[in-house]
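**Q** below are the sequence and a predicted model for it; my questions follow.
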Amino acid sequence: MSLERTKPLLLPLVVLLVFELWARLAHLQSDSLAPPSAVLAALAAALADLTIPIATRDTLLAAFAGLTIGSVIGLALGIAFGVSSMLDRLMEVTIEAIRPIPSIALLPIALIALGFGYRMEIVIVAFACVWPMLILSRTAVRRVEPRLMEVSRALRLTPVQRIIKIIIPAALPRIFVAFRLSAGIALIVAVTVEIAINPLGLGAGIMQAQQALRADLMLAYLVWIGIIGYGLNFALVVVQRRMFGRAAIAGAGS
């Protein structure tokens, strides 16, 4: 590993080392903090006894299911609104009235309708993932090169053929950026729902550790969630580079 790649790790490592020394010298006794070494030990123990892997399975199942459903709905609506200006204007007030509603605010309704478990969490995650996919895919469709649309009309493509053969391939780099954003939101919302009300997954594990006054285990869950989030984004960036190249990553966000 080159020096340039290790530089971003230096500051976090120094901070952890300083905190570890301070915690040991001060004989830290806290219900909310723990030395990094204790956190790592708790993480290793929770991984070994499968507590964290099982919780991870539950969280990722709900997050990925909600992400898939929300992305499909958001993409379909985004393409429809991007293609049809009249439909976009017709639905603008409705969309802008619903979009600001926090997904967590739907918890009481979802709990009454669906009860505890995966279904409630999946619905909340899907609702949260719809909006970035809708907004960014609509923008991506509108930014398709006009000459490509002229070509589709010259070829007399049907609206469905135009979407499949022209619009989606041209807008795909930006649509993938929207999917990356939605993936992060899916994980955040899934864990939040579990912390707030759903007794499964990583969020529930955090609450159980907090109620047991296990600061080391609670922080171990947080570290593990951060690792999952980083790994998920890293994997999507690798896929994006393989599919579109480095230039597409820089250009898709513009």
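**A** Sure, I can see it. Residues are numbered from 1 along each chain as shown.
**Q** where in the stretch 151-254 of the chain is pLDDT low?
**A** Across the stretch 151-254 of the chain, residues meeting the criterion (pLDDT under 70) sit at 246-254.
**Q** mind redoing it with 80?
**A** Low-confidence segments of the stretch 151-254 of the chain, defined by pLDDT under 80: 152-153, 156, 245-254.
**Q** which residues in it form helices?
**A** 159-162, 168-196, 201-211, 215-244, 246-252 (DSSP state H, counting those that start in this stretch).
**Q** same question for the stretch 1-150 of the chain.
**A** Assigned by DSSP H, counting those that start in this stretch, the helices in the stretch 1-150 of the chain fall at 3-25, 36-48, 51-83, 85-98, 107-114, 118-142, 146-154.
**Q** hey, which of those is tucked in deepest?
**A** helix 118-142 (a mean of 23; mean count of other C-beta atoms under 10 Å). Every residue, glycine included, has its C-beta placed from N, CA and C.
**Q** which strands or helices does that one pack on?
**A** Contact here means 3 or more C-beta pairs under 8 Å, 6 or more residues apart in numbering; DSSP states H and E; on that basis helix 118-142 packs against helix 51-83, helix 107-114, helix 168-196.
**Q** if we can go back for a sec, turn the helices of the stretch 1-150 of the chain into CSV, columns for distance to L213.
**A** Shown next, in CSV, are the helices of the stretch 1-150 of the chain (distance: least, C-beta to C-beta, whole Å):
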stretch, distance to L213
helix 3-25, 17
helix 36-48, 13
helix 51-83, 17
helix 85-98, 41
helix 107-114, 26
helix 118-142, 27
helix 146-154, 61
